[in-house]
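Novice: show me the folded form of this:
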Amino acid sequence: MANERILKEAPVWKLIISLSLPVILIMIVNVVYNMADVFFISRTGDPNQIAGILLASPVFSAVSAFNTLIGFGGCTAVSIALGRQEEKKVREYTCFVLYGSFLLSLILMAVLFAGMPVLLRLLGTDQATAPFCEAYLRIIILGAPFLLVSGALGNTMRADGDVKSVMVWTMAGTLLMSFSSAFGNNLAMKYGTQVIAARSIAGKIGMLSAMIIMGLCMGMQPAISYNHGADNRQRMMGIIRGTLTAATVTAVAMASVIWLARDPFMRAFI
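Specialist: This next block holds a predicted model:
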């Protein structure tokens, strides 16, 4: 009840602190964890190993897209149901997220393992990078059930609109990023593994700022969905405007920091 009161009555700045800040911290931890592999592998000084890991990143993004599809959609659906006081639907949506994410992870594991040779070609690997990329991919694929179930449930738990649009656009954006990354890697491979490594490391650094903005917006999603479900349009629009302002200011600040400190960032990995 106390959580619902926050969604219903708290000012926007308090919502950002109580809802978005924890999500931002989780996103930063995930990005740093994702970058840690690249950092330690870069200590070998072997661009083939660095490129092999970074060529696998579109697969990690694609798996995360399914995580987002179920978790983001589940969170929105549960928040709207809470706003409408529909407790039965809250339980149904939560169960769907749990079992649906686990089943989907098993399907993804089977498809990705079976299609490994084709997948390696699509990612743009060559004879030098393929063994490293495949070894890393197997770790990602084996971890898919943990990534999907924990991520989807974690997103749904943030719920304590237009559901189809939220799921479709979020999924489409993440998958588009994955495909464009794979396509770009194929083009860059013509110029050697050093270019692949540099390009992908720059992408990892850019991902840090993107995840902070995403965490800010995802954190505010339950409040927006709840007030949509409660038919409180005035408060919903106020939260959206506040979120947009905070996201714009944060984006400009992060872009400035990355631009000014771009050389130290790159030297940390290469």
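Novice: surely Lys89 is in contact with Gly83?
Specialist: No: counting by Cβ atoms under 8 Å, Gly83 is not a contact partner of Lys89; they are 11.1 Å apart. Where C-beta positions appear, they are placed from N, C-alpha and C, glycine not excepted.
Novice: buried sites along the helix or strand hosting Ala110?
Specialist: Using DSSP states H and E, Ala110 sits in helix 87-114. Going by neighbour count (16 or more other Cβ atoms under 10 Å), the buried part of helix 87-114 is 90, 93-94, 96-98, 100-101, 104-105, 108-109, 112.
Novice: longest single helix anywhere in this protein?
Specialist: Among the segments of the chain that qualify as a helix by DSSP state H, the longest is helix 193-229.
Novice: can you list the low-confidence ranges for the protein?
Specialist: Low-confidence segments of the chain (pLDDT under 70): 1-4, 30, 33-34, 36-37, 39, 158-200, 268-270.
Novice: just the helices in it please.
Specialist: For the chain, helices defined by DSSP H occupy the ranges 2-9, 12-15, 21-42, 47-55, 57-83, 87-114, 116-122, 130-142, 144-157, 163-188, 193-229, 233-260, 262-267.
Novice: quick check: closest non-adjacent residue to Ala130.
Specialist: Nearest residue to Ala130, sequence neighbours excluded (Cβ to Cβ, 6 or more residues apart in numbering): Leu120, at 5.4 Å.
Novice: could you measure from the one you found over to Leu112?
Specialist: As judged by Cβ to Cβ, to the nearest Å, Leu120 and Leu112 stand 11 Å apart.
Novice: what residues are up against the nearest residue to Gly151 once chain neighbours are set aside?
Specialist: Ranked by Cβ to Cβ, 6+ apart and with sequence neighbours excluded, the top spatial neighbour of Gly151 is Asn67, at 3.9 Å. Asn67 sits next to Ser101, Leu147, Leu148, Gly151, Ala152, Asn155 when contact means Cβ atoms under 8 Å, 6 or more residues apart in numbering.
Novice: same check, this time on Tyr93
Specialist: Taking Cβ under 8 Å, 6+ apart as the definition, contacts of Tyr93 comprise Gly74, Ala77, Val78, Ala81, Thr156.
Novice: with neighbour count added, can I get these in JSON lines?
Specialist: Formatted as JSON lines, these follow (neighbours: other Cβ atoms under 10 Å):
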{"residue": "Gly74", "neighbour count": "26"}
{"residue": "Ala77", "neighbour count": "25"}
{"residue": "Val78", "neighbour count": "28"}
{"residue": "Ala81", "neighbour count": "22"}
{"residue": "Thr156", "neighbour count": "27"}
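Novice: from what I can see Leu104 touches Gly71, true?
Specialist: No: judged on Cβ under 8 Å, Leu104 makes no contact with Gly71 at a distance of 11.4 Å.
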